[in-house]
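Engineer: attaching a predicted model along with its sequence, questions to come.
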Amino acid sequence: MAMCRSALILPVDFRLVPSHFLRRGTIRTCCLHCYSFIEQCPSFISRDSISAALQTRPRLKSLRRCGNPIPLAMATKAECEEAGRTMRAMVLESPKTPLKSVRMNIPEPAEGHVRVRVSACAVCRTDLHVVDGDLDKPKLPIIPGHEIVGVVDKVGKGVDSNLFSIGKRVGIPWLGRTCGKCTYCLEGAENLCDDPAFTGYQIDGGYAEYAVAHAAYCFPLPEIYSDIEVAPLLCAGLIGYRSLRKTGFKPGLDKKKRIGIYGFGAAAHIIAQVAIHEGHQIYAFTRAGDKEAQAFALRLGAIWAGDSMSLPPHELDAAILFAPVGLLVPAALKAVRKGGIVVAGGIHMSQIPAFPYSILWGERQVVSVANLTRQDALEFLELAPKACVKTETVVFPLDKANEALASLREGRLEGAAVLVP
C-alpha cells in the first residue's frame, strides 16, 4: 500500500488536535493528502516553535511554510483519506442499551445549517432519559448530546457568513428546530411548539467529533469561558434559568426570597449562583446522607443543606425540582409557604404519589418547565458572566460516554460531566 510522502504532527495539548490524529491517546499522523483538513487544524508547529505553540493556536495557510517540521510516524494514504472523511461518534441504537462507538461519515450541512467541529459536549440528565428509554420518541439510531460547543467548519447555503464565519465558536442547545407557524410559536412560546425537533433526540447531537445544526438555533458564547466550562450552560444553565424565572422572582426585588433546590447537580449548581447573585437565599436538598453534595451546595453559598425529605428551618417562597423523583412534589409543597410555587424543572419525572389537598391549599402552585426559548439563551448567556457563574466539571473522553452516563445515573458527579472528542 502506498505510503504518505510526509507524515507530520505535533506533541501539543490533545484538545487542540483533530481527533483523527489520535489513536488511544497517542498522536497519529497526517500528510499532504489531508491538506484540506490540515488547513483547519490550529495545532501544527515546527521544531523551532514548540514552546510558542503550546501557548497559542496558530493556523497554517500552507503546509510548506512549516519550517523543519517534526516527522513522527508514517501513515498509509488510505488511512489518512478515510480519517478525513469520517468521524467517531457514540450512538444509541436502541433504548436501555449502552452507546456504541462507531466511525461514520462526517455530515454535510443542509441549507440554513452549519457544521461544527465539536470540542466539548456536556452530559445532561435528558441524555440519560433518552438512553434509559424514559423518553419514547427518539430518532434511532441517534447520537445523543445537546450541550455542544465547537467551531464552525462549514456552512450551508443561505447562512449569513458574517454571523457564522469559519472558525467561529458557537453553542448548540436542546431546541433544534421549531415550526414557526403554530399558535405557540406565533405567541412567542416556541418552547411549546407543536412540531419541534430536539438536538440529541430527533437531531443527531454532540457525542461525536462533528455536529450539524440549524444556524438560527446556534448561539455565540461568552469568551470568558473555556469550551469545557461553557458547555454545561447550554442546557443545565438554560433550564435552570427558565426554572428560576418561573418562580416569578426577578432581579431588584426588595426582599430576599427563600428558594429550595431539590437535586443539587449540574443545573442546580449553576442556577444557585445566579439566584445568590440576584440576592436570594438558597436551601439545598439532596439524597439522604449525601454529605458531599450538601457540602458542595454550602461551598457555593447555600445557607442550608439537608436531605430531600426533611423540612428546612424556614418556610420557602419557592422550590425548584431538578431531581426527577415524583415523591419530591408533595415534599416540596410541604416546605413552601402559602402562595408559594413549586417548579418541576425536568423533562421527565417518576410517578407523583397521591397527596392531601391540604398541602396544595393556600394558593400554592405546581408548574412545569418545558424546553427553552432562544430568548432564554440570549438572556442567560449574557447574564452568566455578570453573575460570575463558574461551572464545576468532570471531563471524560468521548469513548467513555457510557461511564459518564453511569456516573450521572448513580449520583457520583459533583457538577457536570463533559465529553471531549
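Structural biologist: Noted; the coordinates are in hand.
Engineer: just give the nearest non-adjacent residue to the residue positioned nearest the centre of the chain, would you?
Structural biologist: The residue lying closest to the centre of the chain (C-alpha atoms, centre = their mean) is residue 147, at 2.1 Å. In this structure, residue 147 finds its nearest non-sequential neighbour in residue 122, 3.6 Å apart by C-beta to C-beta, 6 or more residues apart in numbering. All C-beta spots, glycine's among them, are computed from the backbone N, C-alpha and C.
Engineer: quick check, that neighbour in contact with residue 418.
Structural biologist: Yes. If you go by C-beta atoms under 8 Å, residue 122 and residue 418 touch, sitting 4.9 Å apart.
Engineer: before we move on, the earlier item: could you check how far the residue nearest to the centre of the chain is from residue 187?
Structural biologist: Using C-beta to C-beta, to the nearest Å, one gets 27 Å for the distance from residue 147 to residue 187.
Engineer: what of residue 245?
Structural biologist: Per C-beta to C-beta, residue 245 is found 17 Å from residue 187.
Engineer: more neighbours: which of these two?
Structural biologist: Using other C-beta atoms under 10 Å, the more surrounded residue of residue 245 and residue 187 is residue 245, with 16 against 9.
Engineer: surely that one forms part of a strand?
Structural biologist: No. Per DSSP: H, G, I helix; E, B strand; the rest coil, residue 245 lies outside any strand segment and is helix.
Engineer: end to end, how far does stretch 191-208 reach?
Structural biologist: By C-alpha to C-alpha, to the nearest Å, the extent of stretch 191-208 from end to end equals 26 Å.
Engineer: show me which parts of it are buried, residue by residue.
Structural biologist: For stretch 191-208, the neighbour count (16 or more other C-beta atoms under 10 Å) marks 191, 193, 196-201, 203-208 as buried.
Engineer: picking that back up, overlap in contacts, residue 122 and residue 418.
Structural biologist: Residues touching both residue 122 and residue 418 (C-beta atoms under 8 Å, 6 or more residues apart in numbering) are 231-232, 393.
Engineer: by neighbours, which of these wins?
Structural biologist: Going by other C-beta under 10 Å, residue 231 tops those with 35 neighbours.
Engineer: so what touches stretch 126-136?
Structural biologist: Contact with stretch 126-136 is made by 92, 95-96, 99, 138, 142, 144-146, 174, 200-201, 235, 324, 346-348, 405, 408-409, as judged by C-beta under 8 Å, 6+ apart.
Engineer: residue ranges of the helices in the chain, please?
Structural biologist: Under the criterion DSSP state H, the chain contains helices at 35-38, 50-53, 77-85, 125-131, 183-186, 227-230, 236-246, 266-277, 291-299, 328-335, 374-386, 401-409.
Engineer: wait, which of the ones you listed is closest to residue 212?
Structural biologist: Proximity to residue 212, assessed across the helices of the chain by C-beta to C-beta, is greatest for helix 77-85 (15.3 Å).
Engineer: so where's the longest strand in this protein?
Structural biologist: Using DSSP state E to define each element, the chain has its longest strand at strand 113-123.
Engineer: quick one: strands adjacent to that one?
Structural biologist: Take DSSP bridges as the rule and strand 113-123 pairs in its sheet with strand 148-155 (antiparallel), strand 210-214 (antiparallel), strand 416-420 (antiparallel).
Engineer: redo those strands as JSON lines? Include mean neighbour count and distance to residue 313.
Structural biologist: Formatted as JSON lines, the strands paired with strand 113-123 follow (neighbours: other C-beta atoms under 10 Å; distance: least, C-beta to C-beta, whole Å):
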{"stretch": "strand 148-155", "mean neighbour count": "23", "distance to residue 313": "40"}
{"stretch": "strand 210-214", "mean neighbour count": "24", "distance to residue 313": "45"}
{"stretch": "strand 416-420", "mean neighbour count": "26", "distance to residue 313": "29"}
